[in-house]
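Undergrad: Pasting the sequence and the predicted coordinates here, then a few questions.
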Amino acid sequence: MLLLNATLTVRAAQAGSHQGRGWEEFTDAVIQKLAAQREHLVFILWGSYARKKGSFIDTSKHLVIESAHPSPFSADKGFFGSRPFSRANAYLKQHSISPVNWQL
């Protein structure tokens, strides 16, 4: 399981403050490498910024799940009810891969 933001650092209480500092290129490369070298990965893309990363992913080899970001500002615009975790596990099981235990 890899949870990955497009920008890996941020100044406290300043969302997006480290955009444009090279993190985007790094995380794009990580996604591209994983998508090219593996099969049957699940990419869960939350929010419009993350959805742009979907262009790097071959949907014939992987599952891409998209929805609104689960933040309090946008969760009611498509995240609630999207069931990303159960959809991910259904796909993994379909491909004989152990499902993820999402419980804490």
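TA: Sure thing, it's come through.

Undergrad: from here on, contacts and neighbour counts on C-alpha atoms
TA: OK.

Undergrad: how about the longest helix along the chain: buried residues?
TA: Counting by DSSP state H, the longest helix found in the chain is helix 23-37. Neighbour-count burial for helix 23-37 flags 23, 24, 27, 31, 32, 35 (criterion: 16 or more other C-alpha atoms under 10 Å).

Undergrad: ok, how many other residues are close to the closest residue to the second one other than its chain neighbours?
TA: Going back to what we said before, that points to residue 24. Counting by C-alpha to C-alpha, 6 or more residues apart in numbering, the nearest residue to residue 24 once its immediate chain neighbours are dropped is residue 6, at 5.3 Å. Per other C-alpha atoms under 10 Å, the neighbour tally for residue 6 reads 17.

Undergrad: okay, residue 6: pLDDT?
TA: According to the per-residue confidence, residue 6 scores 90 in pLDDT.

Undergrad: again with residue 20
TA: pLDDT for residue 20: 95.

Undergrad: Downstream of the helix or strand bottoming out on mean pLDDT in the chain, the next helix or strand is which one?
TA: For the chain, scoring each helix and strand by mean pLDDT, DSSP states H and E identifies helix 48-51 as the least confident one, at a mean of 92. Towards the C-terminus, the helix or strand next in line after helix 48-51, according to DSSP states H and E, is strand 63-67.

Undergrad: Among the buried residues of helix 23-37, which pair sits farthest apart?
TA: Pairwise distances among these were taken by C-alpha to C-alpha; the largest, 18.2 Å, belongs to 23 and 35.

Undergrad: Residues contacting the longest helix of the chain, please?
TA: Where contact means C-alpha atoms under 8 Å, 6 or more residues apart in numbering, the residues beyond helix 23-37 that reach it are 4, 5, 6, 7, 8, 41, 53, 56, 57, 58, 62.

Undergrad: All set now, cheers.
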